[in-house]
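**Student:** Starting from these lines, generate the structure:
(chains A, B, C and D)
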There are 2 protein chains.
Amino acid sequence: MPDTGRERLNRAKVLRAAVELADEGGFEALTMRGLAARLGVVPMALYKHVADKRELLDGMVDLVFAEVELPDGDDWRTALRTRASSLRQALLAHPWAVGRMETGTPGPANLRHHNAVLQCLRRDAGFPFRMAVHAYNLMDAYVYGFALQEKTLAGDIPAEAARRRETVGDVTKYPYLVEVVTELAKTGFAFADEFEFGLDLILDGLGRVPSGRTPDDVRPGRAR
Amino acid sequence: MPDTGRERLNRAKVLRAAVELADEGGFEALTMRGLAARLGVVPMALYKHVADKRELLDGMVDLVFAEVELPDGDDWRTALRTRASSLRQALLAHPWAVGRMETGTPGPANLRHHNAVLQCLRRDAGFPFRMAVHAYNLMDAYVYGFALQEKTLAGDIPAEAARRRETVGDVTKYPYLVEVVTELAKTGFAFADEFEFGLDLILDGLGRVPSGRTPDDVRPGRAR
DNA sequence: CAAGCTAGGCGTACGATGTACACCTGTCAA
DNA sequence: TTGACAGGTGTACATCGTACGCCTAGCTTG
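**Tutor:** Numbers count the residues shown, from 1 in each chain, chains lettered A, B, ... in the order given. You can find the predicted model right below:
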């Protein structure tokens, strides 16, 4: 008789536990066996709620999407800025999700999110279609890429840099690298500032491009 | 007697074969056993040339770095543009490397590359230190993020989009998403153009920021 | 209330993976 | 001639995802 004291499982509980597990131990800690253990259940029990590990991941990713603020109110630039920061925040809280947000089949939160961003670009910002696509791609590439760097460079840039001074070996061979390494070790490195610099530059650029007029394939500079 | 007809293995051959294997079959096809088979050798033979799989990957990544053009000659903007395009190209040819370029311990090609880019930013472009760091982070985040999108969205956006129309379900719920899906299915989607739009916008922004003067923490707009 | 359906647990088993460890054998230096 | 050693081999193990079948509590239905 399966101990009736414990509540029964359901999909939502499995997904939440999976997210917690991955948050705590990283992606490689997310194993069906480990997840089952955390839920006080035998591994195969999970497959009554999730088809396989890929589908599990899809569900987890959608939970992350659900955490991201939708662009709303304000003017479009601050709306976009807020959603970008929120997206970075979510990826920072769930590093295992970096590089997996757009894989697999999209869940409801995913769809809602993309629709909301597109609405902001088309309706609020008034970008012509092609321009909206450009803008969306640019911003997502930046945020995802930044999150990737932030994850792999793992926070402690100064420490990492110091440790790497030996790796560099012959100091005279890579003077500019050495400068970065020593300078950052001294002055530190704030990912948040770094992120905002790029985000502002991008939003400025998007604001500068003629929005309401040219219907197709606007390019900022580089006449060619 | 280990058949003397075949050449002996060495580290470089192992790395090259590993890259080929991953290029052809994707990252999950890169297994020690598969690699050994491709080299006509027993799995454990590889460990005479590579400490473990992580080190193997480090070596592979450095081969990719070696393929990336260094910024050189020209004015700094076209130099940076060239290296960014080249980096995207390399990541396109080796999708398994996306998200792994800055993990593990950096190899010689990696160090040389980063040093060269920093030299371009500091010496040629004349950016003050902090600004150079900002610029580098911004550009790498963009290129890496774009490569990530290009990899996960897997090329055939129109087909993908068409297939996804069913997934979206209630069309009235996500009108802007539907627009993108139908429109891209019709007009197609060129990653190359998309990439250049963002790259130009970023380079323009970097060119606009006062380079030679303010020594610290320059921000493009958004006075606060 | 009896019967039986079914959702949701459990146990066992299999193939794939990375790699530790011991062994074996040409090749070459002393 | 001999002995070290670089480099290939074979076996073995822990860990992973998951296929397949069983078992039972509790609800549905006559």
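**Student:** what residue ranges in chain A score low on pLDDT?
**Tutor:** A:1-6, A:154-171, A:211-224 (pLDDT under 70).
**Student:** Write out the residues of it neighbouring DNA strand C.
**Tutor:** Counting by Cβ under 7 Å from any atom of the strand, chain A comes close to DNA strand C at A:2, A:8, A:9, A:10, A:41, A:42, A:43, A:44, A:45, A:48, A:49. To be clear about C-beta, it is placed using only N, CA and C from the backbone, and glycine gets the same treatment.
**Student:** hmm, 6 Å instead?
**Tutor:** For chain A, the contact set with DNA strand C under Cβ under 6 Å from any atom of the strand comprises A:2, A:8, A:9, A:41, A:42, A:44, A:45, A:48.
**Student:** Go through those and flag which are in helices.
**Tutor:** Among those, no residue falls in helices (DSSP state H).
**Student:** Show me which of the residues you listed is closest to DNA strand D.
**Tutor:** Proximity of the residues of chain A next to DNA strand C to DNA strand D (Cβ to the nearest atom of the strand) peaks at residue A:44, which lies at 4.3 Å.
**Student:** re earlier: can you redo the residues of chain A next to DNA strand C as a markdown table with neighbour count?
**Tutor:** Shown next, in a markdown table, are the residues of chain A next to DNA strand C (neighbours: other Cβ atoms under 10 Å in any protein chain shown):
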| residue | neighbour count |
| --- | --- |
| A:2 | 9 |
| A:8 | 8 |
| A:9 | 17 |
| A:41 | 18 |
| A:42 | 11 |
| A:44 | 9 |
| A:45 | 15 |
| A:48 | 11 |
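**Student:** Distance check, residue A:81 against chain B.
**Tutor:** Using Cβ to the nearest Cβ, to the nearest Å, residue A:81 is found at 9 Å from chain B.
**Student:** about what we covered before: against DNA strand D, which of the residues of chain A next to DNA strand C make the cut? List them.
**Tutor:** residue A:44.
**Student:** Which two of the residues of chain A next to DNA strand C have the greatest separation?
**Tutor:** A:8 and A:44 (15.5 Å; Cβ to Cβ).
**Student:** out of the residues of chain A next to DNA strand C, which are inside strands?
**Tutor:** Nothing among these maps onto strands, per DSSP state E.
**Student:** how about the residues of chain A next to DNA strand C in CSV, adding distance to residue B:72?
**Tutor:** Listed next are these as CSV, based on distance: Cβ to Cβ, whole Å:
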residue, distance to residue B:72
A:2, 68
A:8, 64
A:9, 59
A:41, 59
A:42, 60
A:44, 58
A:45, 59
A:48, 59
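**Student:** wait, which of the residues of chain A next to DNA strand C is closest to residue A:92?
**Tutor:** Nearest to residue A:92 among those: residue A:9, at 29.3 Å, using Cβ to Cβ.
**Student:** Can you tell me, leaving aside adjacent residues, what's nearest to that closest one?
**Tutor:** residue A:49 (6.1 Å; Cβ to Cβ, 6 or more residues apart in numbering or on different chains).
**Student:** burial of the closest residue to residue A:36 other than its chain neighbours, as a residue count?
**Tutor:** Take residue A:36 and drop its neighbours on the chain: the residue closest to it by Cβ to Cβ, 6+ apart is residue A:43, 4.3 Å away. Here the number of neighbours of residue A:43 (other Cβ atoms under 10 Å in any protein chain shown) works out to 13.
**Student:** same deal with residue A:84?
**Tutor:** 25.
**Student:** for it, what are its contacts?
**Tutor:** A:139, A:142, A:143, A:199 (Cβ atoms under 8 Å, 6 or more residues apart in numbering or on different chains).
**Student:** Next step: those residues restricted to strands.
**Tutor:** Using DSSP E, none of the contacts of residue A:84 sit in strands.
**Student:** top of the residues you listed by neighbour count?
**Tutor:** residue A:142 (27 neighbours).
**Student:** Which residues are in contact with that one?
**Tutor:** A:84, A:198, A:199, A:202, B:138, B:141, B:142, B:145, B:198.
**Student:** want to try TSV for those, with distance to DNA strand D as columns?
**Tutor:** Shown next, in TSV, are the contacts of residue A:142 (distance: Cβ to the nearest atom of the strand, whole Å):
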residue	distance to DNA strand D
A:84	32
A:198	35
A:199	35
A:202	37
B:138	36
B:141	30
B:142	33
B:145	27
B:198	36
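**Student:** And those residues, which is closest to residue A:182?
**Tutor:** Distances from residue A:182 to those, taken by Cβ to Cβ, are shortest for residue B:138, at 22.0 Å.
**Student:** Test my guess that that closest one contacts residue A:199.
**Tutor:** No: counting by Cβ atoms under 8 Å, residue B:138 stays clear of residue A:199, with 9.1 Å between them.
**Student:** returning to what we had before: the residue nearest to residue A:9 against residue A:11, yeah?
**Tutor:** Yes: contact criterion Cβ under 8 Å: residue A:49 and residue A:11 qualify, at 4.7 Å.
**Student:** These two: who's more crowded?
**Tutor:** Neighbour tally, residue A:49 and residue A:11, criterion other Cβ under 10 Å: the higher count belongs to residue A:49, 17 against 14.
**Student:** Now do that one against DNA strand D, distance only.
**Tutor:** 12 Å (Cβ to the nearest atom of the strand, to the nearest Å).
**Student:** and if you look at residue A:35?
**Tutor:** 8 Å.
**Student:** How about the contacts made by that residue?
**Tutor:** Taking Cβ under 8 Å, 6+ apart as the test, what residue A:35 contacts is A:14, A:17, A:18, A:21, A:46.
**Student:** Which of those residues fall within helices?
**Tutor:** Among the contacts of residue A:35, the subset assigned to helices under DSSP H consists of A:14, A:17, A:18, A:21.
**Student:** will you turn those into CSV that also has neighbour count?
**Tutor:** Converted to CSV, the ones in helices among the contacts of residue A:35 look like this (neighbours: other Cβ under 10 Å):
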residue, neighbour count
A:14, 22
A:17, 18
A:18, 25
A:21, 21
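**Student:** just the residues of chain A next to DNA strand C now: which is nearest residue B:66?
**Tutor:** residue A:44 (46.3 Å).
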